[in-house]
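In: For reference, the sequence and a predicted model appear below.
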Amino acid sequence: MRRSGLLCPRLCLAALLVWARCGAGGGEERHQPSLTTGTGDGRGYSSTPLAQCTYTFILPEMAGATQSRCPDQGPQELGSSNSLLGDALQGAQVPVGQRIQHLELAMENYTHWIQLIEGSVRNNANVEARRLEHSTVNEDTAAILDLSTNLLYQTAKHTRKLMEVETQVLDQTSKLEIQLLENSLTKNKLETQLLQQTNEITKLIDQNGVVERRLRDMESQHQQQLQALREERSGLQRVVLQQSQLTEELQSHVRLVTSNNSLLQSQQQQLREAIRRLLEVCSKDKVEASNSLQQADEQRTFRDCADLFHSGFNKSGVYTIHLTIQYTAKVYCDMDTAGGGWTMIQRRQDGTTDFHRSWKEYKMGFGTVSGEHWLGNELVFLLTSQGQYSLRVELTDWNDQQAFSQYEQFHISNEKQKYRLSVKGYSGTAGRLSSLVSRGADFSTKDVDNDNCICQCAPLLTGGWWFDACGASNLNGVYYRQGQHMGKLNGIKWHYFKGPSYSLHKTTMMIRPLDFGDSVRGLKIGHDASE
Ligand SMILES: [Ca+2]
C-alpha cells in the first residue's frame, strides 16, 4: 500500500466524522456541524457504538460521488490523495474485478482506521469517564462533608440547647425538691404542734373531770351538813319548848316553896328551942355518955357516912357501910363539905370513866369510889329508903368557879318504879332554879327508855339520868376536855348554872340524912352551951 494512499483516507475520515451521539451525561446529544459537502442521494450511513457514545459516519459514495476535500489540503493534494480512488474510478475502464479489489482494499483501510479511532475514542472515553466519575465522587464527598458539617453543627447546636434545657429542668427539679422538703418539715412541725395541743386538751379534760368530781363531793357534803344542821335545829326547838314549859312549872313551884319557907322557919325555931333544952338536960352526964357511946360505935355497923361521922370518923375517904346484914358496900365519905357526913353517889373529875352505860350497870354501879364512879341505883334506893335524905350537888366549871345545888329531900324509887326521882326543897348557888326535874322523873339509859320524850334522850345526850324530856341537867354526859367544853348539848350539863351547852369540869352528888345538920347544930349548940 502506498503512503499517499493512507494519508488521505485518514484525513478524509477525520472529515467524515460528522457527528457523534454520547450516552454519557444523561443522553445528552452533541451536534457538530458537518464539514462534508455531501450530496443528497449518494450518501450512506454507518453507526458504531463506543462506550456510551454513538458516532455516525457518512461514507462516500462509491460511484458518482461528489469529490470531497480535506480542509487543510488544497485541491491539488486532494486530487492526488484521491488518486487511488481516481485510479479505481479510472478503472471503470478497467475490469470490474479489479475495481472490487480496490474497494475491498479501501474498506480494509477504513476498517483499520475505524478500529484505531474506536480504540482512541474508547481510551478517551474511559479517561473521561474516570475523570467524570472522580469529579462526581469528589463533588458528592464535598457535598456529603458539607452536609455532615451542617449536621454536626446542627447537632451540636441542638445538643447545647438540650443541655441548657436539661440544666433548667435539673434546677427546677432541685427547687421543687427543696420546696417539698421544706413543706415536709413544716408539715412535721404542724403535726407535732397538733399532737401537743391534743395532749394538752386531754390533760385539761382530765383536770376538768377531777374538779367536777370534787365539786360534786363538796356539794354532797354541804347537803349532808345542811341536813344535819336542820335536824339539830329542830331538836333544839323541841328542847327550848320543853324548857319553857319547865320554867313555867318551876316558877309555880317556887311560889309554893316560898310560901312554905316561912312556915318551915318557924318550925325550925321551935325545934332549936327543944334541942337546946334537951342538951341542957344531957350536959351533966356528958363524959360518961360519950365514953359509952364510943364503945358502942366500935361494935355497931354504919348505915351511911353520916353515921360514920357521928361516930367520930371525920376524915374524908372510903368507908364500908352496912345497909342490911348481908348488904355491905364501900362508899366515899365527904366529911369536909358543908359539915361533912356526905355519902357520895356520883363523881366526875377527869374523864377516866365511861358513863355511857347500860341499865344494869347503872343499877349495880361502876367506876372506883375513890375516883370517878356511879354508886348504883339499887344502893341509892336502899339508902334513901332508910329515912329522909338530902342531896347536895357540887359543881366546878373550867375557871375553877364552884357552885352547889342542894335539895332537902331526895329519894329514888325501886327498880320496878324505874328508880323514879323525887326531890324537894331546892336551894344553892348553881342557878336560881332547880336543874333537876322537881315533879319527878324516871331513870333512863341507852338501852331502857323511860323518858317523857317521843325521842330517846339517853342515846341522844349519852349516859343514864332522870331525863324527863329531856330536862335541864345530865351529870352523866360526855366528859369534854377544856377548850372543847363549849357548845356541847351532850356534855355534863347543869342548865341553870352554866347554860344548856356548857360541859362542866367536876361534879359530885352526895346524900346525907335530912336531920344531919340539925343534929350537928344541936351538938354544937350543946357544946357551946356547956362551955
Ligand atoms: Ca322516850
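Out: On my side now, so go ahead. Predicted model only: the values in this text are computed from it and were never measured. Residues are numbered from 1 along each chain as shown.
In: what about the residue nearest the centre of the chain, which helix or strand?
Out: Compute the mean C-alpha point of the chain, and by CA atoms, centre = their mean the closest residue is K203, 3.4 Å away. Following DSSP states H and E, one finds K203 within helix 96-282.
In: Same question for S438.
Out: S438 belongs to no helix or strand, assigned by DSSP H and E.
In: dump the residue contacts of the residue nearest to the centre of the chain.
Out: With CB atoms under 8 Å, 6 or more residues apart in numbering as the criterion, no residue contacts K203. Every residue, glycine included, has its C-beta placed from N, CA and C.
In: in the stretch 301-450 of the chain, which spans are strands?
Out: 317-322, 328-334, 342-348, 366-367, 373-374, 389-396, 402-412, 421-428, 443-444 (DSSP state E, counting those that start in this stretch).
In: List the neighbouring strands of the last one plus their orientation.
Out: By that I understand strand 443-444. strand 465-466 (antiparallel) (DSSP bridges).
In: again with the fifth one
Out: The sheet places strand 373-374 alongside strand 342-348 (antiparallel), strand 366-367 (antiparallel), with pairing taken from DSSP bridges.
In: Tell me which of those strands sits most buried.
Out: When you average the neighbours per residue for each of those (mean count of other CB atoms under 10 Å), strand 342-348 leads with a mean of 25.
In: circling back: distance-wise, check the residue nearest to the centre of the chain relative to Q196.
Out: K203 is 11 Å from Q196, where distance means CB to CB, to the nearest Å.
In: What's the local residue count around Y319?
Out: By the criterion of other CB atoms under 10 Å, Y319 has 21 neighbours.
In: so what's it bridging to?
Out: On the basis of DSSP bridges, Y319 is bridged to V331.
In: Which residue, other than its chain neighbours, is closest to A472?
Out: Residue nearest to A472 in three dimensions, not counting chain neighbours: H495, with 3.6 Å by CB to CB, 6 or more residues apart in numbering.
In: That neighbour: how many residues sit nearby?
Out: H495, neighbours per other CB under 10 Å, totals 21.
In: same thing with H310?
Out: H310 has 19 neighbouring residues, counting by other CB under 10 Å.
In: Equivalent analysis for K506, please.
Out: If we define neighbours as other CB under 10 Å, then K506 has 17 of them.
In: Kindly list the main-chain dihedrals of it?
Out: phi -140, psi 140 (degrees, to the nearest 10).
In: which residue packs closest to it, ignoring adjacent ones?
Out: Nearest one to K506, counting by CB to CB, 6+ apart, is T396 at 4.0 Å.
In: Tell me who's in contact with the one you found.
Out: Q402, L504, H505, K506, T507.
In: Can I get the residues you listed in JSON lines including distance to the ion and pLDDT?
Out: Below are those laid out as JSON lines (distance: CB to the ion, whole Å; pLDDT from 0 to 100):
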{"residue": "Q402", "distance to the ion": "33", "pLDDT": "96"}
{"residue": "L504", "distance to the ion": "25", "pLDDT": "97"}
{"residue": "H505", "distance to the ion": "29", "pLDDT": "97"}
{"residue": "K506", "distance to the ion": "29", "pLDDT": "97"}
{"residue": "T507", "distance to the ion": "24", "pLDDT": "97"}
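In: Model confidence at the closest residue to G425 other than its chain neighbours, what's the number?
Out: In space, and not counting its chain neighbours, G425 is closest to E408: 2.9 Å by CB to CB, 6+ apart. Here, the pLDDT recorded for E408 equals 95.
In: cool, the one 5 residues further on as well?
Out: What the model reports for S413 is a pLDDT of 97.
In: neighbours of it, just the number please.
Out: Neighbour tally, S413, other CB under 10 Å: 18.
In: ok, it touching Y419?
Out: Yes. If you go by CB atoms under 8 Å, S413 and Y419 touch, sitting 6.1 Å apart.
In: any shared contact partners between those two?
Out: Contact criterion CB under 8 Å, 6+ apart; residues shared by S413 and Y419: F381.
In: For T508, grab phi and psi.
Out: Per degrees, to the nearest 10, the backbone of T508 is at phi -140, psi 150.
In: you'd agree it is up against A338?
Out: No. The criterion here is CB under 8 Å, and T508 misses it with A338 at 11.5 Å.
In: more neighbours, those two?
Out: For T508 versus A338, the count of surrounding residues by other CB under 10 Å is larger for T508: 21 against 16.
In: The more buried one bridge partners, please.
Out: Bridge pairing for T508 - DSSP bridges - gives R347, E394.
In: The ion versus that one, what's the distance?
Out: According to CB to the ion, to the nearest Å, T508 stands 28 Å off from the ion.
In: pLDDT score for that residue?
Out: What the model reports for T508 is a pLDDT of 97.
In: Kindly report the same for V287.
Out: For V287, pLDDT reads 55.
In: And for E118, the neighbour number?
Out: Per other CB under 10 Å, the neighbour tally for E118 reads 16.
In: Any figure for the gap between it and L391?
Out: E118 is 192 Å from L391, by CB to CB.
In: got it, and T167?
Out: Taken as CB to CB, the span from T167 to L391 is 125 Å.
In: Compare those two (neighbour count), which wins?
Out: More crowded of T167 and L391, by other CB under 10 Å: L391, with 27 against 10.
In: Isn't that one up against H411?
Out: No. Counting by CB under 8 Å, L391 stays clear of H411, with 9.1 Å between them.
In: Now list whatever residues contact both of these two.
Out: In contact with both L391 and H411: V423, using CB under 8 Å, 6+ apart.
In: Does G340 touch N314 like I think?
Out: Yes. Counting by CB under 8 Å, G340 does reach N314; the two are 6.1 Å apart.
In: what's the spacing between S316 and G340?
Out: 8 Å.
In: which one of the two has more residues nearby?
Out: Between S316 and G340, G340 has the larger neighbour count (other CB under 10 Å), namely 21 against 16.
In: dump the residue contacts of the nearest residue to the more buried one once chain neighbours are set aside.
Out: Nearest residue to G340, sequence neighbours excluded (CB to CB, 6+ apart): F309, at 5.2 Å. By CB under 8 Å, 6+ apart, the contact set of F309 is C333, M335, G340, G341, F516.
In: can you list these in TSV and add distance to K187 and pLDDT?
Out: Converted to TSV, the contacts of F309 look like this (distance: CB to CB, whole Å; pLDDT from 0 to 100):
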residue	distance to K187	pLDDT
C333	100	97
M335	102	96
G340	103	95
G341	104	95
F516	107	86
